[in-house]
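Peer 1: The following block contains a protein sequence and its predicted model.
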Amino acid sequence: MLYGSIEAGGTKFVCAVGNEKLEILERVSFPTTTPEETMPQVIAFFNQYKDDLVAIGVGSFGPIDIRKTSDTYGYITSTPKLAWQNYNFLGAMKAAFDIPMAWTTDVNAAAYGEYAFGNGQGKSSVVYYTIGTGVGAGALQDGKFIEGFSHPEMGHMLVVPHKDDHFEGACPFHGNCLEGMAAGPAVEKRNGRKGQDIPQDDPFWEIEAEYIAQCAYNTTLMFSPEVIIFGGGVMKQRHMVEKVHAAFTRIMQGYVATPAIEEYIVTPALEDNAGTIGCLALAEKALKEA
């Protein structure tokens, strides 16, 4: 009995199969080009396991339609990736495999992975952010995603510009939102080089930490989660988490008594496996609920 995982990212698709213990048995990736090019590769990968495949979990770039009562449930909707606009992703998968499927955002999948097996394990309320090419977030309460008419877009919360930062923001919609000020493209546009090429002692990292700490502050006041997990390429800078801790403590000013800061604001225990394991766990859940 095998579970399938699809992390449909903006630059690549990562497909995997896992066993009943949700251990990854095989994983491959394909460039995200067009549905006509990418989806046949996805389907061909899972066709190898068709006899044993019992459910698939999909975490997709968005925006996507997550409302099960909607006529366009399972679609990628108003994405800037023109070839994927209004694409019936789940319908294409269902046409190839008549098995239960879970459908959510890519960052929700990573959040679920950390909730089930990572730094959110054993906690009832978990918020997960990925800070990379963009900023996305997923929130869980008692194992269920917090969402309404659509999935949250917490990566576009507005942040207050740092006093030493004169960058206007890279987001074409909001300028000084979290994504516009702190995502990878904003880091590169502001500094003329990628984050991994900026020394740890560069003053810029204090500015970056300030924006991530503002995010943690807003999240704390909105959700009071038991843990906030920051993943993504920017947070692979290992010195960042301590800087965020210091900035968060300064901004919060003791107003809310959170759990111990070292256990409250953390990076993913599963690292780059969070999304894949989350999709496998969501596939298992979909099978149980079918």
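Peer 2: Yep, it's here.

Peer 1: All the helices of the stretch 51-200 of the chain, residue numbers only.
Peer 2: Taking DSSP state H, counting those that start in this stretch as the test, the helices found in the stretch 51-200 of the chain are 89-96, 106-117, 178-182, 184-191.

Peer 1: can you give me the strands for the chain?
Peer 2: Using DSSP state E, the strands of the chain run over 2-8, 12-18, 24-31, 53-60, 75-76, 87-88, 101-105, 125-131, 135-141, 144-145, 227-231, 265-266.

Peer 1: Show me what the last one is packed against.
Peer 2: Read it as strand 265-266. Helices and strands touching strand 265-266, as assessed by 3 or more C-beta pairs under 8 Å, 6 or more residues apart in numbering; DSSP states H and E, comprise strand 227-231, helix 240-252. Every C-beta, even on glycine, is put in place using the N, C-alpha and C of the backbone.

Peer 1: Mean neighbour count, the ones you listed: which tops it?
Peer 2: strand 227-231 (a mean of 26; mean count of other C-beta atoms under 10 Å).

Peer 1: How far off centre is it?
Peer 2: A distance of 10 Å separates the centroid of the chain from that of strand 227-231, by C-alpha atoms, centre = their mean, to the nearest Å.

Peer 1: With just CA atoms, put it into CSV.
Peer 2: Provided in CSV are the C-alpha atoms of strand 227-231 (Å, rounded to 0.1, in the frame of the first residue of the first chain):
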residue,chain,number,x,y,z
VAL,A,227,4.6,27.3,17.8
ILE,A,228,5.5,29.4,14.8
ILE,A,229,7.8,27.7,12.3
PHE,A,230,9.8,29.7,9.7
GLY,A,231,11.1,27.7,6.7
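
Peer 1: pLDDT on it, on average?
Peer 2: Strand 227-231 shows a mean pLDDT of 98.

Peer 1: So in that sheet, which strands flank that strand, and in what orientation?
Peer 2: Strand pairing for strand 227-231, using DSSP bridges, gives strand 125-131 (parallel), strand 265-266 (parallel).

Peer 1: so what's the residue positioned nearest the centre of the chain up against?
Peer 2: Central residue of the chain (C-alpha atoms, centre = their mean): residue 107, 2.0 Å from the mean position. Residue 107 makes contacts with 59, 128, 129, 130, 136, 137, 138, as judged by C-beta atoms under 8 Å, 6 or more residues apart in numbering.

Peer 1: let's see it at 6 Å
Peer 2: 130, 136, 137, 138 (C-beta atoms under 6 Å, 6 or more residues apart in numbering).

Peer 1: Give me the ChimeraX select line for those residues, limited to the buried ones.
Peer 2: A single ChimeraX command is used to select the members of those judged buried by 16 or more other C-beta atoms under 10 Å:
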select :130,136,137,138
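
Peer 1: can you redo the contacts of residue 107 as TSV with pLDDT?
Peer 2: Listed next are the contacts of residue 107 as TSV, based on pLDDT from 0 to 100:
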residue	pLDDT
130	95
136	94
137	96
138	97
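
Peer 1: Quick check: which helices or strands does the top helix by length along the chain pack against?
Peer 2: Longest helix in the chain, counting residues (DSSP state H): helix 204-223. Helices and strands touching helix 204-223, as assessed by 3 or more C-beta pairs under 6 Å, 6 or more residues apart in numbering; DSSP states H and E, comprise helix 178-182, helix 240-252.

Peer 1: Present these as JSON lines; the columns should include mean pLDDT and distance to residue 287.
Peer 2: Listed next are these as JSON lines, based on pLDDT from 0 to 100; distance: least, C-beta to C-beta, whole Å:
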{"stretch": "helix 178-182", "mean pLDDT": "97", "distance to residue 287": "34"}
{"stretch": "helix 240-252", "mean pLDDT": "98", "distance to residue 287": "36"}
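
Peer 1: Residue 35 is in contact with residue 87, isn't it?
Peer 2: Yes: the pair residue 35 / residue 87 is scored as a contact, 5.4 Å apart, by C-beta atoms under 6 Å.
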